[in-house]
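K.L.:
Give me a model of this one.
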Amino acid sequence: MKRRIRRVVNFFAFNLLFFALYLNFIHKDKPGSGVPEQNVQATASVKGTVPVEQPEKYLAPATAAAEQQ
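P.N.:
Numbering: from 1, shown residues only. Model prediction:
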């Protein structure tokens, strides 16, 4: 009787193992379910740094905020 129970339990464990492998590697989720895909943006084509033509324009708000505090 123990032998028969052990064979049945092993059979179910083996089937459960293959079902888990099927879900992990073979079965594909439907598109749109789960985590949404993130859009991949292209990287900049310009390499290096570019000097700013009017730095006062960008530095003035930062200085005004520092003076208020």
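K.L.:
residue ranges with poor pLDDT in this structure?
P.N.:
Within the chain, the segments meeting pLDDT under 70 span 29-46, 62-69.
K.L.:
what do you get if the cut-off is 80, keeping everything else the same?
P.N.:
26-48, 50, 58, 60-69 (pLDDT under 80).
K.L.:
does Val50 belong to a helix or a strand, and which?
P.N.:
Assessed by DSSP states H and E, Val50 sits outside every helix and strand.
K.L.:
swap in Val8?
P.N.:
Using DSSP H and E, Val8 sits in helix 2-21.
K.L.:
helices and strands around that helix, which ones?
P.N.:
Packed against helix 2-21, as judged by 3 or more CB pairs under 8 Å, 6 or more residues apart in numbering; DSSP states H and E, are no other helices or strands. In this view, the C-beta of every residue, glycine as well, is placed from N, C-alpha and C.
K.L.:
what comes into contact with it?
P.N.:
For helix 2-21, there are no external contacting residues (CB atoms under 8 Å, 6 or more residues apart in numbering).
K.L.:
Assign Lys28 to helix, strand or coil.
P.N.:
What DSSP: H, G, I helix; E, B strand; the rest coil gives for Lys28 is coil.
K.L.:
re earlier: give the buried residues for the helix holding Val8.
P.N.:
Neighbour-count burial for helix 2-21 flags no residue at all (criterion: 16 or more other CB atoms under 10 Å).
K.L.:
Send me it as PDB with only the CA atoms.
P.N.:
The C-alpha trace of helix 2-21 is given here as PDB (Å, rounded to 0.1, in the frame of the first residue of the first chain):
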ATOM      1  CA  LYS A   2       2.900   2.400   0.800                       C
ATOM      2  CA  ARG A   3       4.400   1.700  -2.600                       C
ATOM      3  CA  ARG A   4       1.200   2.600  -4.400                       C
ATOM      4  CA  ILE A   5       0.700   5.800  -2.500                       C
ATOM      5  CA  ARG A   6       4.400   6.800  -3.100                       C
ATOM      6  CA  ARG A   7       3.900   6.100  -6.900                       C
ATOM      7  CA  VAL A   8       0.800   8.300  -7.000                       C
ATOM      8  CA  VAL A   9       2.400  11.100  -5.100                       C
ATOM      9  CA  ASN A  10       5.500  10.900  -7.400                       C
ATOM     10  CA  PHE A  11       3.200  11.000 -10.400                       C
ATOM     11  CA  PHE A  12       1.500  14.200  -9.200                       C
ATOM     12  CA  ALA A  13       4.800  15.800  -8.200                       C
ATOM     13  CA  PHE A  14       6.300  15.100 -11.600                       C
ATOM     14  CA  ASN A  15       3.300  16.500 -13.400                       C
ATOM     15  CA  LEU A  16       3.300  19.600 -11.200                       C
ATOM     16  CA  LEU A  17       7.000  20.100 -12.000                       C
ATOM     17  CA  PHE A  18       6.300  20.000 -15.800                       C
ATOM     18  CA  PHE A  19       3.300  22.300 -15.400                       C
ATOM     19  CA  ALA A  20       5.500  24.800 -13.600                       C
ATOM     20  CA  LEU A  21       8.100  24.600 -16.300                       C
END
